[in-house]
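[1] sequence and predicted structure below; questions after.
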Amino acid sequence: MLHNSSVDVRQSEQLQGLNLKPEHINSLRQVISACFSETNGHHESTNGSSHSAMLDNSTLSLGEIVSRAQNHIISNDKIRDVRFVSAEEFASIISQECPKMKLATASLLAANSLRLLMKAFGPSKGIGRKALISTVEMIGGQTESNKLSTIAIVAALSIYESGDAFIDDHRSLSRASVSGILPNGRFINPKVSRDSLKNRAEKVEEGGNKSVEENDLGQRAICALLEIAAYSNQHQIDVHIVTSLVRSFRSRSEALEDVCATVVRQALHIPKSDDDRTNQTPRPKIDKKVATAAFGLAAEIGPWKAMSCIPLINMCVDMELWQAAERMCSSAIQRGSSEVEDAVIVLMDHAFDQHMYRRADHLATEFYDYGGESRFAEARFLHACETISKVVLKRQFPIIERQVERVDKAIDRVQTKTESLDYYSIHEECEDLREAKVKLREFALTRLREANVHETAHRLALLWDMEYWYDYDDAEKYVQARREKYIQWDDAFPVKSGMGVIDVPEVLSTHNELLCSFKDLESTMNSKTPVIGFDVEWGDDSKGAALLQLSTAKMSILIDIPALGKYEDGCKALELTVGRIFGSPTVKLLGFSCKEDLSRLRGSPSIRKTHWFSHNTNAVVDIKPLISIDNPKLRSLGLSRSSEHYIGKPLDKSEQCSMWGQRPLSESQRTYAALDAWACVAIYDKLSFRGFTSSSSTSTKRKIYESGL
C-alpha cells in the first residue's frame, strides 16, 4: 500500500508550480522507507539518529545536484525561459519534519533538473555528457548516504505518467540521466564466454556466487519499485531504469524474483496460471518498447523459479529481438534454471525454422554445453552451404576451403565426444555425421559446376580426393545417379496417356499470369477433399517472402511475391487469389512447419497500405504435428526424410540454400520449390491421422496441441 500524503496546502501549491505531484512523492517515500525496513541485514543495528543523518546527508547531496544542473544550464546562452528552483525555494519545499519526505521531494527536484540538463545539451556524448557527469559526481562514492542518494534520484527518474503526451521524450531524457548516474548500469558486453557462463552456473548451484551477493539497501528499494510497478494504478515505473538499478546493485533474492515475475507477466500479458494451456484467447497487442524493458528485467533478475523463460524466448523471436532471447538463455544458465537445455533448443529451432543458419551456428557455438551440442554440426553445415552459395556468385573461391574446414572441425569435435552419433542432428540429406563431410564437398563442387568454374572445382576435387566430372558423358552419369536417389519432377507429375508432358512451372510475376494460373490450379483440386500444399522461400537480404509455391496433386504454380507486391494490380491479384485461399473455410492449405512461412507472407513488402495477405489463416494445416502423431519416429525429421518414409524417396535439398531473391531462377531451383509444396499434399494423402474431430478424445487433442499444431 502507498503511504498517505503529508504534504500541506502551501507545499502542494509549490509542488504544482514545479510540476511535482504528491502521489509521486508518496511513492518515493515508500521506496525510501523500504530501504530502512527491519530485516536481518546490517541496518538492523543502526539507530534512528544515524538513519536521520543519512537521510539529511542524501537530501543535501541532491540539493547540490539541483544547483549544479541549473548552473550548467544557465551557462548555455541559447537556453531561455527555463523555470529554476532557487536555494530558498528548495529549502522551503523540503522544510518538512519527515526526513524521508524531504528526501523524496529533493529526489524529484533533482530528477527534473537532470532532465532539463539533458534537454538543454542533448543526451548524446560530448558537452552534455560531461555536464551530466560533473553534476552527479558527488554521489558516486560507496558510502551508505551516496548509495541512498543514488537510489532516490534513480527511482525518481523512473516515475512517469502513462497519459503524458510527451512520454517518449520524458523517458529518453530520464534514461540518459540514469546512464550518467549508473555508468555500469548499461548492459555489459553480451558476448560472455561459455566458460564464464559455466563457472557462474556452478557457483549458483553451490550457493557461493560472490559477484551477485545481495545488497540490502538496493534490493529493498528495487523490490519496492517493482511492487509499485505491479500494483499501483496512479502512475507508471520505467522498468528499463529499474533494470539498470538491478545491474548496478547486483540484487538477487526469491522475493525479488516473485515480484519481477509479476511485473513481467503484466507487461507481456502472460497469464499466471498455465492450467488451461489450450486457451486460444488472443493476447492484447504488446508495445515493443514495454516488452523490451520487460525482457531486460527478466534477463537481469532471472525469475526462473517463479516463471518459465521459454514463453519469453518465443515472444522475443516473434518481435525479432534475437539478442534479448539470447540474453534470456544466458540468464537461465547463470541462475541455474532447470529449463536451460529446453530454452537453448527452442531458440535454435526458431533460427532453423527461419533459415537463419548463421545465427543458428552462433547459438549452437555459444551454448554448446547447454543443448547446442545436439545441433552444432547441423548449424555449421547449413551455414557453410549458405555461405558457399554466396561466395561462388561473388567469385570469392578461397572462402570455400575455409568453410569446409570449419564443418570438418565441428563434426570431429562432436565425434570425439561420444561413439554414439544418433543423438546428433545433421542435414536431412545425410544419414549421419560422417556423410556430412562428403555432402558439403559435393555441394561446393555442384555450385562451382553450375557457375562454370571448372578449374577451381577440379583443384578442390583433387585436394579432397574426389572425382569431378565436367564433360558431358560423365556429368550425365552424375545427374542420373541423383535422379535415381531423389524424387524427380516426373515422379510427382508423370506423363499420362492422352496428356502431354507437364513442364516445370515458370515463376508468375504479372497479375494476369497469376489470375489465369490460379484458376487452373483450383480446377485441379479434388472436389471431395480440396487441399493445396504450400511452401515459402526467402533470402536473408529481405524480410518478406521471395517465392510462394502452391501445388495440388496434379499441378504446381510458383508466385513471385516481391514482383507482384510492387504495383496495385499485382497486390489486387494476390488478394483475390492467395489472400482468399488462405482464409477459405472449405480448402485446406497444407504446410510443413509453416509458422515462419506465414510470417514471411505477412511481412512481404506491399505498395498498398492495407496488406493483401489475410490475417485469417484458418485454412492452414501444419502437417508436421500430424506426422508426429502418425509416426512418432519422424517427429524430429524434416520434409525430405518424411517424404522418404511416405512416398519412397527423399526430396533433393541441394537447392535449399539458393539465392531465392535473384531472378531468373534456374530450372533446378524451380523444381525444388514446386516439389516441396507437392510433397505436403502427397504425404497428407498417406496419413492415417489427419487431425481431430468433435468426437476425438481429450488426450488426443492434448497430444496434437503439444506437438505444435
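    Done, it's in. Numbering: from 1, shown residues only.

[2] hey, let's count contacts and neighbours off CA atoms from now on
    Will do.

[3] neighbours around K21, how many?
    Neighbour count of K21, defined by other CA atoms under 10 Å: 14.

[4] ok, K528 next?
    A count of nearby residues for K528, using other CA under 10 Å, gives 6.

[5] tell me which stretches of the stretch 551-700 of the chain form helices.
    Across the stretch 551-700 of the chain, reading from the start of the chain, the helices by DSSP state H, counting those that start in this stretch fall at 561-564, 568-574, 580-582, 595-602, 623-630, 639-647, 667-686, 698-706.

[6] could you check the angle helix 595-602 makes with the strand ranked longest in the chain?
    Taking DSSP state E as the criterion, the chain has its longest strand at strand 531-537. Following axes from the mean of the first three to the mean of the last three CA atoms, to 10 degrees, one obtains 80 degrees for the angle between strand 531-537 and helix 595-602.

[7] tell me the gap between strand 531-537 and the middle of its chain.
    Using CA atoms, centre = their mean, to the nearest Å, the mean C-alpha position of strand 531-537 is found 26 Å from that of the whole chain.

[8] what angle separates that strand from helix 667-686?
    The directions of strand 531-537 and helix 667-686 differ by 140 degrees, with the same axes, to 10 degrees as the criterion.

[9] out of the helices of the stretch 551-700 of the chain, which gets nearest to H454?
    With respect to H454, and counting by CA to CA, the nearest of the helices of the stretch 551-700 of the chain is helix 667-686 at 19.2 Å.

[10] pLDDT on that closest one, on average?
    Throughout helix 667-686, pLDDT has a mean value of 95.

[11] list of residues touching that helix?
    When contacts are taken as CA atoms under 8 Å, 6 or more residues apart in numbering, the neighbours of helix 667-686 outside the stretch itself are 489, 492, 504-507, 531-535, 537, 549-553, 556-558, 590-592, 623, 639, 642-643, 646-647, 651-653, 655, 658, 690.

[12] give me the buried stretch members for that helix, please.
    By neighbour count with 16 or more other CA atoms under 10 Å, helix 667-686 contains the buried residues 669-684.

[13] right, and the helices of the stretch 551-700 of the chain - which one's nearest E137?
    Ranking those by their distance to E137 (criterion: CA to CA) puts helix 595-602 first, at 48.8 Å.

[14] helices or strands up against the closest one?
    In terms of contact count using 3 or more CA pairs under 8 Å, 6 or more residues apart in numbering; DSSP states H and E, helix 595-602 is assigned the packing partners strand 531-537.

[15] quick one: buried residues of the biggest helix by length in the chain?
    The longest helix of the chain (DSSP state H) is helix 48-74. Within helix 48-74, the residues that qualify as buried by neighbour count (16+ other CA under 10 Å) are 51, 54-70, 72-74.

[16] doesn't F90 lie inside a helix?
    Yes. Counting by DSSP: H, G, I helix; E, B strand; the rest coil, F90 is found in a helix.

[17] could you check the pLDDT of it?
    In the prediction, the pLDDT value recorded for F90 is 75.

[18] wait, it sits on G63?
    Yes. Using CA atoms under 8 Å, F90 makes contact with G63 at a distance of 7.4 Å.

[19] which residues do the two both contact?
    Taking CA under 8 Å, 6+ apart as the contact criterion, the residues that touch both F90 and G63 are A106.

[20] what about the strands in the stretch 51-200 of the chain?
    In chain order, the stretch 51-200 of the chain shows strands spanning 159-160, with DSSP state E, counting those that start in this stretch as the criterion.

[21] and the helices in it?
    So, for the stretch 51-200 of the chain - with DSSP H, counting those that start in this stretch - the helices run 87-93, 99-121, 127-136, 144-158, 167-181, 194-206.
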